[in-house]
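**Q** Just need the structure, nothing else, for what follows:
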Amino acid sequence: MDKVKLNDFCDIMNGHSFRGKIKPIEDGNVSVIQLSDINELQGIDFNNLVRTRFEPKKEDVFLKKGDVLCVSKGPRLYAICLGEVPEKTLASFHMSVIRVSKDNILPEFVSWHLNNSQKYFLRNSQGGSGVTHMSKSKLEELPVALPSIEAQETIKKLEILKKKEKKIMKRLGSLREVITLEYQKALASQKIKNCKEK
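**A** So this is what the prediction gives:
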């Protein structure tokens with residue numbers, strides 16, 4: 001399988017850089033996705049994004065369905081593929097926006113590939129421990145072995161199933177902690193006796 005570079009089939013843009021801290025404006029005309037808004041398992045809660053005022057020179061700075069947000073700053077590389085996106089939503093400068101430009105490439109496959117490119121990130125990132133980052137040029141050069149569209153579809157479906165399983169296991173873990181704690185409290189208050197006691 002021949003390898004190509006990410007920028008052979010994707011347009012890669014930096015997120016928007018605001019001057020200083022983003023100023024929240026309740027009736028602002030744009031919403032901004034920041035690092036703290038991204039949950040790799042749950043996705044993005046668009047209802048809680050900070051709103052501010054911004055007049056872009058180009059409309060293509062706004063995010064679209066199928067865009068891939070890539071966080072290439074920090075201890076590791078990770079990405080998330082966007083579904084439906086509210087109008088006039090921006091990504092902050094902490095992330096890159098990757099937009100697939102060819103019909104035979106699924107954005108979900110691109111996101112999956114990025115999340116499994118940690119070795120490339122470690123080899124090509126700059127900076128010290130915990131503050132490493134990968135430049136846009138290195139991200140553009142990321143090698144990709146492109147499978148068939150059918151294989152990409154299967155990878156996409158498997159990734160959806162994997163995330164569903166992780167959500168279920170996380171929920172089960174939380175319930176187990178609650179049940180265990182309540183049992184411990186009941187034992188401590190002597191509301192129930194240890195089952196091993198006669």
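**Q** Domain-wise, how is the chain divided?
**A** Per the record, the chain has its domains at 3-146, 147-198, by automatic domain parsing.
**Q** just checking, residue 115 touches residue 72?
**A** No - applying CB atoms under 8 Å, one finds residue 115 not in contact with residue 72, separated by 11.9 Å. Every C-beta, even on glycine, is put in place using the N, C-alpha and C of the backbone.
**Q** Looking at those two, which one has more neighbours?
**A** residue 72 (23 against 16; other CB atoms under 10 Å).
**Q** In contact with the more buried one, which residues?
**A** 95-96, 121, 125, 133-134, 139 (CB atoms under 8 Å, 6 or more residues apart in numbering).
**Q** Could you look up the SS state of the residue sitting nearest the centre point of the chain?
**A** By CA atoms, centre = their mean, the mean C-alpha position of the chain lies nearest to residue 80, the distance being 3.3 Å. With DSSP: H, G, I helix; E, B strand; the rest coil as the basis, the three-state label of residue 80 is strand.
**Q** What distance do you get for it to residue 26?
**A** To residue 26, residue 80 is 27 Å away according to CB to CB, to the nearest Å.
**Q** What of residue 84?
**A** Residue 84 is 23 Å from residue 26, by CB to CB.
**Q** Likewise for residue 5?
**A** Taking CB to CB, one finds residue 5 at 43 Å from residue 26.
**Q** Comparing those two, which shows the higher neighbour count?
**A** Between residue 5 and residue 26, counting by other CB under 10 Å, residue 5 is the more crowded of the two (13 against 7).
**Q** How about the more buried one, nearest residue that isn't a chain neighbour?
**A** residue 141 (5.3 Å; CB to CB, 6 or more residues apart in numbering).
**Q** And residue 138, by the same measure?
**A** In space, residue 138 is closest to residue 124, 4.4 Å off (CB to CB, 6+ apart).
**Q** What count of nearby residues applies to the one you found?
**A** 18.
**Q** Residue 25 too?
**A** The burial count for residue 25: 13, using other CB under 10 Å.
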